[in-house]
Structure formats: C-alpha cells, structure tokens
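Visitor: quick one, structure for this:
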Amino acid sequence: MKKEVRGVIFTLAGGCLWGLSGSCGQYLFTNYQVNSSWLTVVRMLVAGVSLVLFALLRQRDKAIGIWKVKEDAVQQVVFALGGLMFCQYAYLTAISYSNAATATVLQYLGPVLIMLLVCAVHRRLPNLREGVAVILAVLGTFLLATHGNIATMVLSKQGFTWGMLAAVSLMCYTLLPDRIIPKWGSIVVTGYGMLIGGIVLALFVQVWKIPVSLDLKGWLAVGGVAVLGTLVAYTMYLQGVADVGPVHASMLSSIEPVSATLCSVFWLHTSFQPIDLVGFLCVLATIFLLAKKTEEPKCAAKQAVPDK
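Guide: As a prediction, this is how the structure comes out:
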C-alpha cells in the first residue's frame, strides 16, 4: 500500500472513531445516566496509562527527561490540567447536555477562536477569508442554538455553554504545548497529560463515590470511548500525520463531525432539523477556510496532537 493512501485511510479512520466515541458517550448518558466526570476519568486514565507505558518502553529517554527540565515539567502539568483535562471534560459534558453531533460541531469553533487570538496578538484585523470564517461560525452557532429564531433557544443553556467551553478548551489544548511537543514528542506529552489530568480529576470529583451501573452493552460503549475512540483513533491519526503531513491530516480528520452526526442519526436515532444541518455546514466550512492561514502560532500541537 502506498504511503499516501495508507495515510488517508488511517486519518479518515481515526476521525471516524472520534465521532463514534462521542456517540458512545451519548449512548451512555442517555441509557445509563453515566456521569460525565466518571467517563472523562476513565477515558483519560486508560489512554494515559497506555501511552505512558508505551513511551517508557519505546522513548524512555524522553519520557524521563521531560521531568528533569523545570520549565518543561511545569508546562506539561499546565497542559494536562488546562488543556487535556479541560478539553475532555468540557466535550463529554457538552454531549451529556445536547448530543454528540452538536457538541462536536461546536467544539470545532476552536480554530476560529485561535484565529481571532492570532489577530489580536499581531494587532491586525482578519483578512477576507478569516472574516468570512468568523461570519460563518457565528451564523452556524446561531442556527444550532436558535433554529433561526432569536427569541427562542432550542439548544439547552447548559448544552450551549458547555459546547462553547469545549471550543475554548480546544483552543487551550492546541496552544498550551507549543514548546514541549517538538522537544519531547506527542506520545510523551499527551500520555502524561492524560494520566495527570485523569488522576487530578478523579481526586477532585471523588470518582470512587460516583455510582455506576452498566451491563455488557454499557461496558462495550465505555470501550468505544476509551479504547476505540482514544487509543486506536490516536494511533491511527499519528500514522496519518506521518504519512500525509499535518495540514492534510487535520483536514481529513474533520470527518469527525460527519461521523458523529451519522452515528447519532442511524444508531441513536437523534432527530435533526434541516436548519441544524445548515448550521453544521457553516461551522465545518470554517475549517477549510482557515486551513491555509498565513499567520498562525507555531504550534506543534496542531501538527501532531489530535483534538480528542
């Protein structure tokens, strides 16, 4: 199999699995009333332990070395809490108050927030392409939240709030590890980030006190979130980045909202109005408009770390 073909297949598969993981989360919230804090902890600890063990076996020097440099160790902890933990918790909580498709699409407003931050840092106005992206993002969000009627809110306030926080968290997740990813690698940084974030969140919410009652189907859905939607998806995405490059891979992985929407409709029987789909398309269009930004932060996280 040619390298480019393999890269396209793996990246698309990774994006589809991320979409599936969101739908598995929705299934758990709807049918088992699973707490989003509990699911976030499980997802982060399963991924964190697995990635850290892999790093210690295959990249031992980097896995140990990052803790010997004080500045890098501090940035690693900040990324774990303000990036990964925030991102994972906000995303899954947004799903619990809305649905997988809507939460995923709202999270994809993150690149627009990054673009606006870049404009603020460079003290310039958005160019034409960026301006159109902002308008589409605002329009798409408005349609999803109100169905075009400014007097009504079809999306719950909690769902909208956590969806927007998911977008902010994606911005933080992308920008925080900009210095340590190139130096120590995405597996080391993401592995420790998942592990530290999972441990801190578990202690904060006292996860052992959260009641959980799952049957076989429920545990399979948990596996869909923690194993397929995190470990397998992450591994496939990284291979895709290596084969086709970061820009192409990030574009291909934007199939995630499509996957989440299809899973929600055909598996979970979530109903959407045509105007919802218009809102989805408006937000997704911003990804393609911003794909070739000329002035963006040199952020290795965008190049090597998936947004889930």
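Visitor: show me what the helix or strand where V265 lies is packed up against.
Guide: Applying DSSP states H and E as the criterion places V265 in helix 256-266. Counting contacts by 3 or more C-beta pairs under 8 Å, 6 or more residues apart in numbering; DSSP states H and E, helix 256-266 packs against helix 3-32, helix 100-107, helix 274-289. In this view, the C-beta of every residue, glycine as well, is placed from N, C-alpha and C.
Visitor: what separates it from the chain centre, distance-wise?
Guide: Offset of helix 256-266 from its chain centre (C-alpha atoms, centre = their mean, to the nearest Å): 15 Å.
Visitor: so what touches it?
Guide: Contact with helix 256-266 is made by 15-20, 22-23, 26, 99-101, 104-105, 108, 270-272, 280, 283-284, 308, as judged by C-beta atoms under 8 Å, 6 or more residues apart in numbering.
Visitor: again, but for stretch 92-101
Guide: 19, 22-23, 25-26, 29, 36, 39-40, 43, 102-103, 106-107, 155-156, 158-160, 162-163, 165-166, 257, 260-261, 263-265, 268, 270, 272, 280.
Visitor: got it, and stretch 193-203?
Guide: Here stretch 193-203 makes contact (C-beta under 8 Å, 6+ apart) with 37, 40-41, 43-45, 47-49, 51-52, 76-77, 79-81, 83-85, 88-89, 177, 207-208.
Visitor: next: stretch 225-233.
Guide: Against stretch 225-233 from outside (C-beta under 8 Å, 6+ apart): 13-15, 17-18, 20-22, 24-25, 28, 39, 42-43, 46-47, 50-51, 306, 308.
Visitor: and the angle from the helix holding V265 to helix 274-289?
Guide: Angle, helix 256-266 to helix 274-289, by axes from the mean of the first three to the mean of the last three C-alpha atoms, to 10 degrees: 160 degrees.
Visitor: what are the buried residues along helix 256-266?
Guide: For helix 256-266, the neighbour count (16 or more other C-beta atoms under 10 Å) marks E256, P257, V258, S259, A260, T261, L262, C263, S264 as buried.
Visitor: how about the CA coordinates for it, as PDB?
Guide: This file holds the C-alpha atoms of helix 256-266, laid out as PDB (Å, rounded to 0.1, in the frame of the first residue of the first chain):
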ATOM      1  CA  GLU A 256     -15.300  13.500  12.800                       C
ATOM      2  CA  PRO A 257     -18.400  15.700  13.000                       C
ATOM      3  CA  VAL A 258     -19.800  13.900  10.000                       C
ATOM      4  CA  SER A 259     -19.200  10.600  11.700                       C
ATOM      5  CA  ALA A 260     -20.700  11.800  14.900                       C
ATOM      6  CA  THR A 261     -23.800  13.000  13.100                       C
ATOM      7  CA  LEU A 262     -24.300   9.800  11.100                       C
ATOM      8  CA  CYS A 263     -23.900   7.700  14.300                       C
ATOM      9  CA  SER A 264     -26.300   9.900  16.100                       C
ATOM     10  CA  VAL A 265     -28.900   9.600  13.400                       C
ATOM     11  CA  PHE A 266     -28.700   6.000  12.400                       C
END
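Visitor: flag the shaky bits of this protein, pLDDT-wise.
Guide: Applying pLDDT under 70 to the chain flags residues 1, 247, 291-308.
Visitor: in which helix or strand does the residue lying farthest from the centre of it reside?
Guide: Going by C-alpha atoms, centre = their mean, the residue of the chain most distant from its centre is A151, 30.8 Å out. A151 belongs to no helix or strand when assigned by DSSP H and E.
Visitor: from the contacts of stretch 193-203, keep the buried residues only.
Guide: 37, 40-41, 43-45, 47-48, 51-52, 76, 79-81, 83-85, 88-89, 177, 207.
Visitor: buried set for stretch 193-210?
Guide: The neighbour-count check on stretch 193-210 (16+ other C-beta under 10 Å) flags G193, M194, L195, I196, G197, G198, I199, V200, L201, A202, V205, V207 as buried.
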